[in-house]
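Enquirer: With the sequence up front, the predicted model follows.
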Amino acid sequence: MSSNKLQLGLSSVLLAVALTAGSVALGAVREGQDAGTAAAPAAARPGAGIEALQAHLRGQPKDYVGWSTLSLAYVERARVDGDPSLYPKAEEAVERSLALSAGNDQALAARAALAAARHDFTRALADADRALARNPYSERALCTRIDALVELGRYAEAERAADTADARRPGIPVFTRYAYVHELRGDIRTARRVLEQALSGATSPGDIAYVATQLGQLDWSQGAYDSALGHFGRALAADEDYLPALEGRARAQAASGERAAAVRGLEQIVARAPLPGPLVALGELYEAGGDRDRAREQYALVDAWTALARAGGVEADLDTALAAADHGDRATALRAARAEWDRRRTVHTADALAWALHVNGRDAQALPYARRATATGYRNAAFLHHRGVIELATGHTKEGRAHLAAALKLNRGFSPLGAREARAALEAAR
């Protein structure tokens, strides 16, 4: 990836579809039109408010570009507000666009983004490919194609897709995905270099907040909490309300021992967007502090969000498996993890299935999945913790101690409860 490509400053709309803390870090789509498409009025571009788009479409009901843009705006609002009930509206808008102009690439790319938001990555890939067949330079489709391949566990193909996207439409949305593909391989140096160069070329507050947050999350995952807090601070200086940066800062504060500040931050976040990641993080902080009643309230809200997500067409089994394995019904966790594994075989689903099998007392079955979760070189402390515990349970004592020690060395504060359990398991195995 050439450094001159990273000098482009883009005005972007953040269109992430990661609904859990462990999910893939997705990028932003550029405001404006893809190459070769009809121009849309300013009010009908992806960054515009839903109300303005709706007003425009009342006056111009045959604007198929406007309908596809409204679909993307609903997806973005659902992500920001943690409200998957908006996805049916997004689907209605994109189908309206296709009815007005069959097979138009903007709508196909929007439908791909919606499918990815719903965790239907097979459909997301198919629609992204259809959009690219019509417009090979569609940034949205290029980026969603990378996302889908990553989330289907097809990492070699995702790397090639990232190279293709970088050649066709270099910019922050592609660079962040390029970095994540390398992170999944354990190539932290390249991931950080690409993100740092992307941040140096970012000019809009949205781009600065987004890329700085990606850097903060990367540093937090590697245990560099001071550096992570610096990146989150830069993100919040650009956009004081950017929820991923607020959540990242709270997690870094918790890992650094600033529990009170972390709790305050997470409480503010879940009041605005009650998503599984921050709900579980807050619940674990309450539980670690001895307040089990308040912790149970947060875990119960995860179940409520999951029900809402399913009603909006989201495949929420990974969220269910991760939360239920530690804080809910173990049988439910295993059913959900198996269902997710059947749909897509990624490092994240391998880890979820391994841990769900473990908490159900099936460690011999869990071990191959725990090993698979770490096979790409992805440096994730929770994965190492899970593998270490499972190895101890299956008599692989030396390997288990090594992986527990590696988890704590990598990120000693990866989870308020998980890190404590890893230390206890390591001590008991000595």
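Expert: Sure, I can see it.

Enquirer: Name the residues that touch the strand or helix carrying Ala425?
Expert: Assessed by DSSP states H and E, Ala425 sits inside helix 418-428. Applying Cβ atoms under 8 Å, 6 or more residues apart in numbering, the contact partners of helix 418-428 are 284, 288, 326, 381-382, 385, 388-389, 392, 400-401, 404-405, 407-408, 411-413. Using the backbone N, CA and C atoms, a C-beta is placed for each residue, glycine as well.

Enquirer: how does it look with 7 Å?
Expert: 288, 382, 385, 388-389, 392, 401, 404-405, 407-408, 412-413 (Cβ atoms under 7 Å, 6 or more residues apart in numbering).

Enquirer: Now do it, average pLDDT.
Expert: For helix 418-428, the mean pLDDT works out to 95.

Enquirer: so which strand or helix has Pro170?
Expert: Per DSSP H and E, there is no helix or strand for Pro170.

Enquirer: so what's the backbone phi/psi at it?
Expert: phi -60, psi 140 (degrees, to the nearest 10).

Enquirer: Please report the distance of it from Ala228.
Expert: 27 Å (Cβ to Cβ, to the nearest Å).

Enquirer: Check Ser68 too.
Expert: On the measure of Cβ to Cβ, Ser68 and Ala228 end up 36 Å apart.

Enquirer: before we move on, what about Asn411?
Expert: 10 Å.

Enquirer: Likewise for Gly312?
Expert: 32 Å.

Enquirer: neighbour-wise, which of Ser68 and Ala228 wins?
Expert: The neighbour comparison of Ser68 against Ala228 (other Cβ atoms under 10 Å) goes to Ser68, with 32 against 26.

Enquirer: And stretch 314-334, end to end?
Expert: End-to-end distance for stretch 314-334, by Cα to Cα, to the nearest Å: 19 Å.

Enquirer: and that stretch, how far out from the chain's middle?
Expert: Centroid separation for stretch 314-334 versus its chain: 17 Å, with Cα atoms, centre = their mean, to the nearest Å.

Enquirer: now do stretch 326-339
Expert: 20 Å.

Enquirer: Can you point out the buried residues in that stretch?
Expert: Residues of stretch 326-339 classed as buried by neighbour count (16 or more other Cβ atoms under 10 Å): 326-328, 330, 332-339.

Enquirer: residues in contact with the helix or strand encompassing Tyr286?
Expert: Counting by DSSP H and E, the element that carries Tyr286 is helix 276-288. Outside helix 276-288, the residues within contact range by Cβ under 7 Å, 6+ apart are 19-21, 247, 251, 254, 259, 262-263, 266-267, 269-270, 294-295, 298-299, 301-302, 305, 319, 323, 327, 415-417, 420.

Enquirer: Which of those residues are buried, as a ChimeraX select command?
Expert: Per 16+ other Cβ under 10 Å, the buried members of these correspond to this ChimeraX selection:
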select :19,20,21,247,251,254,262,263,266,267,269,270,294,295,298,299,301,302,305,319,323,327,415,416,417
